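Visitor: Sequence first, predicted model second:
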Amino acid sequence: MTEPRVPQSRPQGWRSWVQESALYRSIIRSPAHDSPRGRAQRAFGNVFLHVYPVRVPRALLRFRSTWRLGFISTVLFTILLITGVYLMFFYTPAVSMAYGDMQLLRSQVGFGQLIRNVHRWGAHLMVLAVVFHLVRVFIDGAYKAPRQFNWVIGVGLLVVTLAYSFTGYLLPWDQLAYWAVTVGSDLVQYAPGVGGWMRNFLLGGSTIGQSALLRFYVIHVAVLTGAFFLLMAVHLWRLRKDGLAVGDVAPLAHDVTERADDHEAITVAAETWLPDGRRVLGVVETDEGPGHARAPEDEVFAWPHLIIRHQVVALAACALVLALGVAFEAPLRELANPNVTPEPSKAPWYFVGLQELLAHFDPLVAGVLAPGVLIAALVALPYIDRNPSRRPQDRKVALIVFWSLFIALAVLTVIGALFRGPGWGFVLPWEHLYFEP
Amino acid sequence: MSPTRRELLEAGWKVGSGLLVAAAGWTTFEALKPLADVSGGGVLPLLPPDAYPEGSATFVREGRFFVTRAKDELFAISQKCPHLGCAVPFCEASGRFECPCHGSVYNAAGEWISGPAPRGMDRYPVQIVDGRVTVNTMVLEQGAPLGSRLYDTPARGGSCAPADEA
């Protein structure tokens, strides 16, 4: 099996004149692409592309190998970063100004409303993409050794993503923002002992007011962004060091045992004298590393095969959020009014499952223990599930537990988002839809 | 045994780094901890008691509470739902407080009737000073525990939440 063909043409005319000039060559050391060395150079000779390995498993080229969900999350984050910086030019985190700035953005700033729409829909889509990324990684068993720690980092990124959404939710300072955050932050109060104090620390006071708005703003634009980049750096670094699960031959239980036996044999050898009287002073263990089972013909160069696919996915993601931004306005209700709670008052959709749970259970259970235990279980998952096999038929229990929880959460979310009306009463969505994203 | 110079230095930089982290944490905490709540409230003189008849609930915007009368006793009931902090409106139809967020229902004295709330609505102490109802909003009294319903009267009509019919 050879490398898939990439049509190459030498630059002609003025292009060749530009590309061969000393100035151009000083900036871009463009190698010849028609040799393996040249293609490798493309990935590791470029500060941005060297995030990619030079060669990737051929299986990764199939869209359905990963559904490109991690990459899509990164693209959406980039869109949110750019639109977010744009919004910062027109937003003042002050109770007296924030809502007016939202209206100004709509009426006075060129494309202001579109940028806000894209930021809003991009944020919703990013929560979806991150959750589906987690689901995909779980189904593929990609969190198993040696990738346990990267799963933990991934859960951290999920928490940061949700925190981004929650803090961003307050900033427009309308009724939707004010009451969703009131409900959300009062949940913290039920944490035993430190709850009330933690809530006041988060809000910078006992009520949602100026200091809460400023705190949420700083956390949203600075603290979480710092945390996100830090975690993302580790996430990608570990991805490179631990190797991709895709294309790695899924180890079966007996393979792992065999390898452990080999290791034991080598360790024993290191401590024994050979029959001819020489002593073994040390054994260099062959570190097979990630993807050891992969033959060279199962790999392709990241440039151009994977990178061109990523480009297409990135363009599609941009087109989708832009289309959503053009088609649907981001909601803006009346100015926040601490005296009037709108009916119904719903949390953002990704927390509405929790709110539904709150209608049935004690707030300590539904608001603190349930999400706390869920996050803790996600973090501990790769250390609890020691089953080395990644084949679905070997991990029925894990899959059943995971899907049960996922479906339960999805059902709660759908009921809370679509089937609940004023006073949290049951309403059929085709009779009246009380859902504002 | 006394430590060698190497051990001492090794311990030294660890202790030093630890102190630095602790100092950073303390500084951050001191800087970010909420300022003492300045909105501590005050003593609000209101109308004479006759202005608050049985079955009515008068909202006092300055203190965000309702003045109600139940079984001939006056109450100043904080508008904030003890469940998750939503502003609870008074439902004229039923004569009860009905929270729009999670459907908790309280009677005119703020006592819990149904819903997920952990207690009745919180109250401020009421006094009659110089013939006027006076409410001290500096003291917030925790609402009555679940099941304590000393001032209950039957609902005078249907609920304001259309949900009950569905």
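Guide: Yep, it's here. Numbering: from 1, shown residues only, chains lettered A, B, ... in the order given.
Visitor: which residues touch the residue nearest to A:P371 when sequence neighbours are not counted?
Guide: Nearest residue to A:P371, sequence neighbours excluded (Cβ to Cβ, 6 or more residues apart in numbering or on different chains): A:L354, at 6.2 Å. Quick note: C-beta positions are derived from backbone N, CA and C, even for glycine. Counting by Cβ atoms under 8 Å, 6 or more residues apart in numbering or on different chains, A:L354 makes contact with A:L187, A:A347, A:A366, A:G367, A:A370, A:P371, A:L412.
Visitor: And B:F59, by the same measure?
Guide: Counting by Cβ under 8 Å, 6+ apart, B:F59 has contacts A:N339, B:F65, B:F66, B:Q79, B:F90.
Visitor: Quick check: which element contains the residue lying closest to A:L69 once chain neighbours are set aside?
Guide: Counting by Cβ to Cβ, 6+ apart, A:L69 lies nearest to A:H133, which is 3.8 Å off, once chain neighbours are set aside. Using DSSP states H and E, A:H133 falls within helix A:112-139.
Visitor: between the next helix or strand along the chain from that helix and helix A:112-139, how big is the angle?
Guide: Next in sequence after helix A:112-139, counting helices and strands by DSSP H and E, comes helix A:148-170. Here helix A:148-170 points in a direction 150 degrees away from that of helix A:112-139 (axes from the mean of the first three to the mean of the last three Cα atoms, to 10 degrees).
Visitor: Helix A:148-170 and chain B, any residue contact?
Guide: No: judged by Cβ under 8 Å from any Cβ of the partner chain, helix A:148-170 and chain B are separated, with a smallest distance of 13.9 Å.
Visitor: just checking, what packs against that helix?
Guide: If contacts are counted by 3 or more Cβ pairs under 8 Å, 6 or more residues apart in numbering or on different chains; DSSP states H and E, helix A:148-170 sits against helix A:112-139, helix A:175-188, helix A:210-218, helix A:224-242, helix A:349-358, helix A:370-384.
Visitor: quick one: low-confidence ranges for the stretch 151-300 of chain A?
Guide: Counting by pLDDT under 70, the stretch 151-300 of chain A contains low-confidence residues at A:249-275, A:277-294.
Visitor: which parts of it sit against chain B?
Guide: Counting by Cβ under 8 Å from any Cβ, the stretch 151-300 of chain A sits next to chain B at A:179, A:182-183, A:185-187, A:200-201, A:203-207, A:211, A:215.
Visitor: Where neighbours are concerned, which of these has the most?
Guide: A:W179 (28 neighbours; other Cβ atoms under 10 Å in any protein chain shown).
Visitor: Now that residue. Nearest residue, chain neighbours left out?
Guide: Closest to A:W179 by Cβ to Cβ, 6+ apart is A:S345, at 4.3 Å.
Visitor: Kindly provide the distance from A:G84 to chain B.
Guide: 23 Å (Cβ to the nearest Cβ, to the nearest Å).
Visitor: One more: A:G353?
Guide: 14 Å.
Visitor: Which per-residue confidence value corresponds to that residue?
Guide: pLDDT recorded at A:G353 is 88.
Visitor: cool, and B:T153?
Guide: On the pLDDT scale, B:T153 gets 79.
Visitor: what about it, which helix or strand?
Guide: Per DSSP H and E, there is no helix or strand for B:T153.
Visitor: number of nearby residues for the residue in chain A positioned nearest to chain B?
Guide: Closest approach between chain A and chain B, counting by Cβ to the nearest Cβ: A:G425, at 1.3 Å. A count of nearby residues for A:G425, using other Cβ under 10 Å, gives 19.
Visitor: now swap in A:R386 and tell me
Guide: 9.
Visitor: which stretches of chain B form strands?
Guide: Using DSSP state E, the strands found in chain B span residues B:43-45, B:57-60, B:65-70, B:73-78, B:90-91, B:96-98, B:105-106, B:112-114, B:123-124, B:126-129, B:132-136.
Visitor: Put together CSV for these, with mean pLDDT on each row.
Guide: Listed next are these as CSV, based on pLDDT from 0 to 100:
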stretch, mean pLDDT
strand B:43-45, 86
strand B:57-60, 91
strand B:65-70, 92
strand B:73-78, 92
strand B:90-91, 91
strand B:96-98, 92
strand B:105-106, 92
strand B:112-114, 90
strand B:123-124, 93
strand B:126-129, 90
strand B:132-136, 91
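Visitor: Nearest to A:F328 among these would be which one?
Guide: For these, the distance to A:F328 is smallest for strand B:96-98, at 32.5 Å, taking Cβ to Cβ.
Visitor: Does anything pack onto the lowest-mean-pLDDT helix or strand in chain B? Which helices or strands?
Guide: When each helix and strand of chain B is scored by mean pLDDT, DSSP states H and E, strand B:43-45 comes last, with a mean of 86. Counting by 3+ Cβ pairs under 8 Å, 6+ apart, the packing neighbours recorded for strand B:43-45 are strand B:132-136.
Visitor: The strand it packs on: how far from the chain's middle?
Guide: 19 Å (Cα atoms, centre = their mean, to the nearest Å).
Visitor: That one pairs with which strands, parallel or anti?
Guide: strand B:43-45 (antiparallel), strand B:126-129 (antiparallel) (DSSP bridges).
Visitor: Out of the ones you listed, which one sits most buried?
Guide: strand B:43-45 (a mean of 14; mean count of other Cβ atoms under 10 Å in any protein chain shown).
Visitor: Name the residues that touch that one?
Guide: B:V60, B:E62, B:G63, B:V129, B:D130, B:R132, B:V133, B:T134, B:V135, B:N136, B:T137, B:M138.
Visitor: what's the closest non-adjacent residue to B:M138?
Guide: Counting by Cβ to Cβ, 6+ apart, the residue nearest B:M138 is B:G41, at 4.5 Å.
Visitor: burial count for the one you found?
Guide: 17.
Visitor: residues contacting it?
Guide: Here B:G41 is in contact with B:G63, B:Y124, B:N136, B:T137, B:M138 (criterion: Cβ under 8 Å, 6+ apart).
Visitor: residue contacts, A:L60?
Guide: A:L60 neighbours (Cβ under 8 Å, 6+ apart): A:T66, A:L244, A:V246, A:G247, A:L306.
Visitor: Take these and keep only those in strands.
Guide: Per DSSP E, the subset of these in strands is empty.
Visitor: before we move on, the earlier item: what's the spacing between the residue nearest to A:W179 and A:W237?
Guide: Distance of A:S345 to A:W237, given as Cβ to Cβ, to the nearest Å: 42 Å.
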